[in-house]
Structures are given as C-alpha cells and as structure tokens.
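> Return a 3D structure for these sequence lines:
(chains A and B)
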Amino acid sequence: MEPINLRCFFYVTHCFHRITHFANECWCMQDKRLIKNSGEVIIYSIAGDPADMEKGIRISELFGKEDEYTGKTVRVQGWVRTRRDSKAGVSFIELNDGSSLKGLQVVAALDRPEYREVLEKITTGSAVLVEGILSPSPGKGQAVEIQADRIELYGWADPAVYPLQKKRHSFEFLRQIAHLRPRTNTIGAVARVRNRLGFAIHRFFQERGFNYLNTPIITASDCEGAGETFRVTTLDPLRTVHGENPYGEDFFSRPAYLTVSGQLQAEIFALALGRVYTFGPTFRAENSNTSRHLAEFWMVEPEMAFYDLQDDLDLAMEFIKHLVKVVLEECAEDLDFFTRFVEPELRGRLETVVSRPFEVITYTEAVELLKKSGEQFAFPVDWGSDLQAEHERYLTEKVFNKPVGIIDFPRSLKPFYMRVNEDGKTVAAMDILVPGTGEIIGGSQREERLDKLLEQMELKGISVEDYRWYVELREFGSAPHSGFGLGFERLVQFVTGLPNIREVIPFPRTPGHAEF
RNA sequence: UCCCCGGUAGCUCAACGGCAGAGCGGGUGGCUGUUAACCACUAGGUUGAUGGUUCGAGUCCGUCCCGGGGAGCCA
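Okay, the predicted model is just below:
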C-alpha cells in the first residue's frame, strides 16, 4: 500500500462522520479512490485501507452476539436487498453483506436531515454503509434491527436496469449474470458452503498427518484414459508448422496438456512422504453437456502408502461423513435454506449419511442384485459391462437409500494402474455413490508389483517408455499404496441439493462457455 | 456427440391458424412498523434467425442459432 498523507489520515480517522465534506480534496490526492457519481451523491471506496478507517462489523458477527451489541452503536457495510417504505415515518432496508444468509433490517427515519438526500438513492443492489444503534425489533421476522443515524452510499444501482429483483430468478438467467449472481440467496449460500468445505478438507487431512501436495497443472502425459485433454501450446494455430518435429517450436518442445488428474504424481510423493493429498483444478475436454460435468473442476486426491483397498475405502467413508457433519454443524442456516427452497429431503439425507454406515458391496454382488430386482432398465445388466447411471441410481436411491461403495470391478473396465485381485479378473477399485448426485468418489489400490503392472500396461496399450518414471517407482522400494479422487463440485452439489453443477462453481466452464 | 423439450415485455410465463396478454420488476400517485408489503394509474414487444405453406403464422413445415433435461464419457 502506498504511504498515505498524514493530514488525510487525520481526517479519515477523526472526522469520519464528515468525510463526504473533506473527501473531495483529501481523497483525490491519494489515488482514484474517490469518484463522483453522476448525481449529487459522493461515493467513495474504502477498499485497501484497513488502517485508515475503522471497519464496520460483519452482520453474522452481530447475529452471533446479539446481547453483546444490542444498545450499542454499530457500523455495517453491505448491499441493499429490499427496501420497504413507510412514508409516514420510516423506511425499512434489508442489508446483506454476504456473511450470512439473513440480512440486517435497517430502520431509517425519512425526515433525518443527515441522510435524507442519500436515502433517495437507496435502491435494491446499492452498496451502503449504515451506522446506528442495534435495537430489539418490534416487528416479526427479526430479533434485532439497526436504527440508522448515518447512511452513506458507496455505489448506486439503477433500479430500472439492475437485473436482480426481489423475487426468484431461474438459474439459467442467473448464469448469464455470473458477476451479480453471488448476491442472490442461493448462490451466496453455495459460496459460503463451498468455502467451509474447502477449509474442512484441508483440516481433515492435516489433522491426520497428510501433506498438502501441489501437482502440476501442465503435464506431458495424456494419461490413464481419464478423458479428452486440453492441449497447451504457444504455437499460432493459423501458422503452418515447418520441419520434421511439429512440436519443435512449441514451448515445451513436445505435446503438453492440462492435467486430468494429479494422481500419478501424487503416487510419487506418497511413496516418499507416506500420506499426501492434492486439491486443485482439473480439466477435461469432453463434450459433456450434463448437470454433473464441467470442463474445469476441482478435485481432491489423497494418496497413501501402506494402505490397501479396505484402508482406502475406510478413509473415503470417514472423509465424506466428516465433511457432511461439518456442513450440518457449521452451515446450518444455509442448509436450512437449501432444504426449504431447493431439496426438501436434503437435511434428512445428510443426517442419514452421518448416522448410518455406508453400504459396501462388490461389483459382482451389485450385478446380481440388479438382475434379481425385476426392475426394467433401459440398459441390460451384465457382468463385465459398466454400471449405467440408472443402475447406480437404483442401488443408492431405491435399494439402500444411502451412500453405497462398490468394489472389485472387472479388470477390463478400469485403468492400468489399479491392482489386480487374486482372481485375475477383477481389480481393487472402489466407487462411492450417493443419492441424487451419483458417483462422488472413485479410487483404488494401485498396482505395486512390477510384473503385474507391466502386464497391465501391455494389456491396455500403455507405453512403458512414456511412463518410465512410473514403472521405476515399482523397481525402487515399491510399496502397497492406495488413493482416491473426490469431485469437489459433486460434493458441493450433494450437500446443497442443487440439481445442476453449474450453480456450485463460481464460474462454470462447459462446452461453448468460458465467459467471465 | 445422440435423444427429448423449449426460445413471446427487464424477469417468470399465458395466448384453438384470426386484435400479442398476465403476474412480478420499472415510473407516478396513495397507504401502511414494513417482511417477496399493499392499492391505483402508467410505460414497456421486429414473438431467437431465416426460408416456406396460408386470405391470414407467436402458433404449421424446412434449415440454422441458443437454452434446458436425459444418455454416453467421468469426478
């Protein structure tokens, strides 16, 4: 931050209530923090000056300590959600600062000269500062409210063109205004839940001795058949390449891609640090147009040495239970909102996840169960073919109505790195399915035996040359190890009940869409 | 990529092949310690684009564009 003018500092700290009068000359000297609105009202930004100015209090903090703050003067800063005028006396302004779902009711007297002029500009969407005494509210719907002594307008929102209204909008519409949609109840609540979950994921692993590992975003291996990759290049696509090696002039002198998984690199560090996890962006160039797929999403991938499939599965189940518990305990208000407006069964479903053990069955058992069900499926059930979405949904939603782990899949269905079981036909793989969202976790014990791995690579047509380093991990001090991948957005979908994955990531990337 | 559904006012949606509408939002006025406030008035439209059938097309047909749902791929 730039050093600030001492005179200005004085004004700001000691004459704050008169800042609009001094502001014009004083703040302009600094930088462009002060700007004039088209009308009479002066607006300014306090961003980046925490030392200069006494900060307002977060609304969630007020609600958390109502007794402590009632009767005291407080200052809040946020965005106007609604305004209800009572021309005879007061105006009710609902202020939301994003710290909680519920906003603070501001009561502004219409005849107060201190802010009468500003009050005219207080419309839905405006950014304001309010100072006043926190008081018990005589009205229904809120315990406390703030009696405004002072109101300042940071930025006005023209009600004639501000897209967000005091009513429900379709999610499709909100996606088109992704720069404004976090100011809605639903998307704001998603952002808070997502934040809590992200933090809880780190907490979970850190408390268990895992090392947070940053695996590369750019990789040279188009690996594991985990889907289509995005090409990374500095070459101009319109220019014809000369010479024998088309990649010779490219940045890496070889084909490069955006990662589809950090797993293979995580294995390297698991076989050195014992327990690691990654938590980062992942990219798939699949032309997937569904409510469960994104071209860019976040994945959590723990990888553990000396863990077999059972250990892996136990960790995954504990992990999900822990995260759901965090949401139940730390996001109660937002969860109630989702349960009320998005998915009525949500809270009950999450409580079941925490209180009851998951069901775990083998792939073979799953196939038998589906065959005996008598259910008419669009796709036939056969040992050796992939379980279709309808099959998975039937198992987790109809048969068990809780999360289901499926293990020991046919070898032919799974990638080369999964450990071959004693029967030679199946691999030590596991998928965890949850009601509503489907597959949320996929993992396996990795093949640590050199001869078996080479056999698998041969079978799947994976070049030993390209994966020399991966093979060498089995030549030098190989050890049993396991891991899994959790789709972060699918987890957020699961705990919020939102039907479309595009609502649980701030800026969704899907085929044809990379706006914002 | 395939299958199904849709595109009408700023938003959410009506309109049998026959004058293009409502609610919400906006504006104006009124009323009220209000709660998605309420009441009255008012402005607001090339019905996604294009070609065709018809006396007449928002409506029927062809093509294209866009969106949603489902499937596949997966997390």
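> which residues does the residue in chain A that RNA strand B sits nearest to contact?
Nearest residue of chain A to RNA strand B (C-beta to the nearest atom of the strand) works out as residue A:139 at 2.1 Å. The C-beta positions use only the backbone N, C-alpha and C, and glycine is treated the same way. Residue A:139 makes contacts with A:105, A:145, as judged by C-beta atoms under 8 Å, 6 or more residues apart in numbering.
> I'd like to know how many residues surround residue A:247.
15 (other C-beta atoms under 10 Å).
> Excluding residues flanking it in the chain, which one is nearest it?
Closest residue in space to residue A:247, ignoring its immediate chain neighbours: residue A:254 at 5.2 Å, by C-beta to C-beta, 6 or more residues apart in numbering.
> which SS state does that neighbour fall under?
Here residue A:254 takes the coil state, with states given by DSSP: H, G, I helix; E, B strand; the rest coil.
> ok, now residue A:325?
With three-state DSSP as the basis, residue A:325 sits in helix.
> Just the local confidence number for residue A:211, please.
Here the pLDDT value assigned to residue A:211 is 98.
> Then residue A:71?
So, for residue A:71, pLDDT stands at 92.
> wouldn't it be in contact with residue A:135 here?
Yes. Using C-beta atoms under 8 Å, residue A:71 is in contact with residue A:135, at 7.3 Å.
> Which residues of the stretch 151-300 of chain A lie near RNA strand B?
A:159-160, A:163, A:165-170, A:172-173, A:175, A:225-227, A:261, A:284, A:286-295, A:297, A:299 (C-beta under 7 Å from any atom of the strand).
> Okay, and which of the residues you listed map to strands?
Applying DSSP state E to these, the entries found in strands are A:297, A:299.
> Just the buried ones from the residues of the stretch 151-300 of chain A next to RNA strand B?
The neighbour-count criterion (16 or more other C-beta atoms under 10 Å) marks A:175, A:226, A:227, A:261, A:284, A:292, A:293, A:294, A:295, A:297, A:299 among these as buried.
> of those, closest to residue A:315?
Checking those against residue A:315 by C-beta to C-beta gives residue A:299 as the nearest, at 15.9 Å.
> What parts of the stretch 301-450 of chain A come near RNA strand B?
Within the stretch 301-450 of chain A, the residues that sit near RNA strand B (C-beta under 7 Å from any atom of the strand) are A:379, A:386, A:388, A:389, A:390, A:393, A:438, A:439, A:440, A:441, A:442.
> how is chain A carved up into domains?
Residue ranges for the domains of chain A, per automatic domain parsing: A:6-44, A:59-162, A:182-235+A:244-503.
> So which of these is nearest residue A:510?
The nearest among the domains of chain A, by C-beta to C-beta, is domain A:182-235+A:244-503 at 5.8 Å.
> My guess is residue A:201 contacts residue A:279. True?
Yes. With contact defined as C-beta under 8 Å, residue A:201 reaches residue A:279; the gap is 6.1 Å.
> higher neighbour count, those two?
Between residue A:201 and residue A:279, counted using other C-beta under 10 Å, the more crowded position is residue A:201 (23 against 20).
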